[in-house]
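J.: requesting a structural model of the entry that follows:
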Amino acid sequence: MTDVLNDDDLNEQFSPLMSPLVWDMGHIANFEEYWLLRELDGRTAHDAERDAMYNPFDNPRWTRSDLPLLGRAEATEYLGEVRHDVEGLLKRVDFVDGPHLARNGYVFEMVVQHEAQHQETILQALNLRPDLEAYALSAIRTLPKTRAVDDAARITIPGGSFVLGTNDMAAAYDNERPAHEVHVDTFAIDTYPVTNNRYMQFVQADGYDREEFWSAEGWGWRTGVDHDAPQSWDRSANGEWTHTMFGHIRKLNPAEPVMHISYFEAEAFAAYAQGRLPTEPEWAKAATWAPGADRPRRYPWGDSPPTRAHANIGLVAWGPVPVGSYPEGASAYGVEQMLGDVYEWTSSSFKPYPGYNTFPYPEYSEVFFEDENFRVLRGASWATSLSVTRNSFRNWDYRERRQIFSGVRLAWDVK
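T.: Below you'll find the predicted structure:
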């Protein structure tokens, strides 16, 4: 991912919201050293100063460009040394009766997913630099066949109890566990993520300047910024809307899911459309459950791993693709594109499930539970790795953030 970037690109901090890319590189190496070579294999620290430098809680993102970070060559060498030793560890670790961290390969899955999540973060950072043309998107952008659909179609999901979460101890993070029964009332949900076409109606109705659509906190955010459209949308002199990604400008496709909107924008659009954001349990029921089921599905379409016929994930399209492109990825209720394209905001705060236990460290989930400004995002984006993509995965962020690859799907009460 970083091969085509020069050292200046890697060391530059494009936004105070995001780290210099070289920090992510060193942090990935330090994380793997800590969990695989020290916590699992009992070794001493390679360099205590690196622990301090790559601790994300001691070094907020906006301060990381001032740290004496490892350069590209040093970070690459550090990671290579760690992985050389990990190869030897893999040959002798006991995945069945060994340390708790190693059972079912959990800690190895954890570091794989950790790197994948940082790869997505790196893409978010690169996308905030409008003059960067590091990737020839026209050459690598693979688009699926699509079909014409009603982008405002809805599906009614029957109320009742179902199982939310998972007991998976091989790949799932602690905040995804345990599986537990919840109840939702009957509701309707968008068949597809909200498209640029639908969101454009909100923009053209002066939705960003109409206080009646915004919550009090949302309006406070809106009046403190100069946004009047999603991040990266621009309008030319002749009124045509364009969308910029990684420095590439292309005409806005009305059939693609809207991307780069904050929770507050999603919430305001929902009010304009006379709907609401789904709760996390509602989103999960639409994605994971089936009539007569006794357990949740791992993916909306079932338990078989994703293919290119199921979802837009894993950098295949380098951006969202038109709704209606993945009928084979529909949930049992017929809801489409719940994994891939964009993460979807829910109305739910990021809280632990009943019976939650921290494992293996509180800094991944537990320390965020008390901040009421976080909201859960569900699904996956076009940039999400297959290793992270699953129905039970919970993403979360501040309500004002929109650099993430985030969109929205609306819900409605059914009387």
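
J.: list the contacts for F405?
T.: If a contact means CB atoms under 8 Å, 6 or more residues apart in numbering, then F405 has 120, 124, 259-260, 342-343, 381-383 as its contacts. To be clear about C-beta, it is placed using only N, CA and C from the backbone, and glycine gets the same treatment.

J.: once you drop chain neighbours, what's closest to it?
T.: Leaving aside its chain neighbours, F405 sits nearest to S381 (3.6 Å; criterion: CB to CB, 6 or more residues apart in numbering).

J.: report the secondary structure state of that neighbour.
T.: Of the three states, S381 takes coil under DSSP: H, G, I helix; E, B strand; the rest coil.

J.: does it touch E344 like I think?
T.: No: if you go by CB atoms under 8 Å, S381 and E344 don't touch, sitting 9.6 Å apart.

J.: overlap of the contact sets of these two?
T.: Shared contacts of S381 and E344, counting by CB under 8 Å, 6+ apart, come down to S406.

J.: name the member of the contacts of F405 with the most neighbours.
T.: Comparing the contacts of F405 by number of neighbours (other CB atoms under 10 Å), V342 comes first, having 30 neighbours.

J.: and it, its phi and psi?
T.: phi -140, psi 150 (degrees, to the nearest 10).

J.: quick check: it vs R250, distance?
T.: Taking CB to CB, to the nearest Å as the measure, V342 and R250 are separated by 17 Å.

J.: which parts of the stretch 101-250 of the chain are helices?
T.: Using DSSP state H, counting those that start in this stretch, the helices found in the stretch 101-250 of the chain span residues 106-127, 137-140, 196-204, 216-222.

J.: let's have the ones you listed in JSON lines, adding mean pLDDT and distance to R409.
T.: Shown next, in JSON lines, are the helices of the stretch 101-250 of the chain (pLDDT from 0 to 100; distance: least, CB to CB, whole Å):
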{"stretch": "helix 106-127", "mean pLDDT": "96", "distance to R409": "20"}
{"stretch": "helix 137-140", "mean pLDDT": "55", "distance to R409": "26"}
{"stretch": "helix 196-204", "mean pLDDT": "98", "distance to R409": "11"}
{"stretch": "helix 216-222", "mean pLDDT": "98", "distance to R409": "18"}
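
J.: out of those, the one nearest A286 is which?
T.: Among the helices of the stretch 101-250 of the chain, the nearest to A286 by CB to CB is helix 196-204 (18.3 Å).

J.: quick check: buried residues in the closest one?
T.: Within helix 196-204, the residues that count as buried by 16 or more other CB atoms under 10 Å are 196-200, 202-203.

J.: my read: E240 touches K251, true?
T.: Yes: counting by CB under 8 Å, E240 does reach K251; the two are 6.8 Å apart.

J.: low pLDDT regions in the stretch 1-150 of the chain?
T.: 1, 130, 132-140 (pLDDT under 70).

J.: try 90 this time
T.: By pLDDT under 90, the weakly predicted segments of the stretch 1-150 of the chain are 1-6, 8-9, 14, 46, 129-145.

J.: what does the stretch 201-350 of the chain give?
T.: 236-239, 244-250.

J.: tell me which stretches of the stretch 251-400 of the chain form helices.
T.: Ranges of helices in the stretch 251-400 of the chain, per DSSP H, counting those that start in this stretch, are 263-272, 280-288.

J.: I'd like these written out as a markdown table, with distance to Y361 and mean neighbour count added.
T.: Output for the helices of the stretch 251-400 of the chain, formatted as a markdown table (distance: least, CB to CB, whole Å; neighbours: other CB atoms under 10 Å):
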| stretch | distance to Y361 | mean neighbour count |
| --- | --- | --- |
| helix 263-272 | 27 | 24 |
| helix 280-288 | 23 | 25 |
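
J.: now render those as CSV, adding distance to L101.
T.: Below are these laid out as CSV (distance: least, CB to CB, whole Å):
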stretch, distance to L101
helix 263-272, 34
helix 280-288, 27
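
J.: nearest to I404, of the ones you listed?
T.: helix 263-272 (10.4 Å).

J.: what's the angle from the closest one to helix 196-204?
T.: For helix 263-272 against helix 196-204, the angle by axes from the mean of the first three to the mean of the last three CA atoms, to 10 degrees is 90 degrees.

J.: give me the contact list for helix 263-272.
T.: Applying CB under 8 Å, 6+ apart, the set of residues contacting helix 263-272 is 194, 199, 201-202, 205, 207-208, 212-215, 217-218, 221-222, 227, 230, 261, 276-277, 345, 347, 375, 397-402, 406-408, 410.

J.: and it, C-alpha only, in PDB?
T.: The C-alpha coordinates for helix 263-272 follow below in PDB (Å, rounded to 0.1, in the frame of the first residue of the first chain):
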ATOM      1  CA  TYR A 263     -23.500  10.900  12.400                       C
ATOM      2  CA  PHE A 264     -25.000  14.400  12.700                       C
ATOM      3  CA  GLU A 265     -25.400  14.600   8.900                       C
ATOM      4  CA  ALA A 266     -26.900  11.100   8.800                       C
ATOM      5  CA  GLU A 267     -29.300  12.000  11.600                       C
ATOM      6  CA  ALA A 268     -30.400  15.200   9.800                       C
ATOM      7  CA  PHE A 269     -30.900  13.400   6.600                       C
ATOM      8  CA  ALA A 270     -33.100  10.900   8.400                       C
ATOM      9  CA  ALA A 271     -35.300  13.700   9.800                       C
ATOM     10  CA  TYR A 272     -35.600  15.200   6.300                       C
END
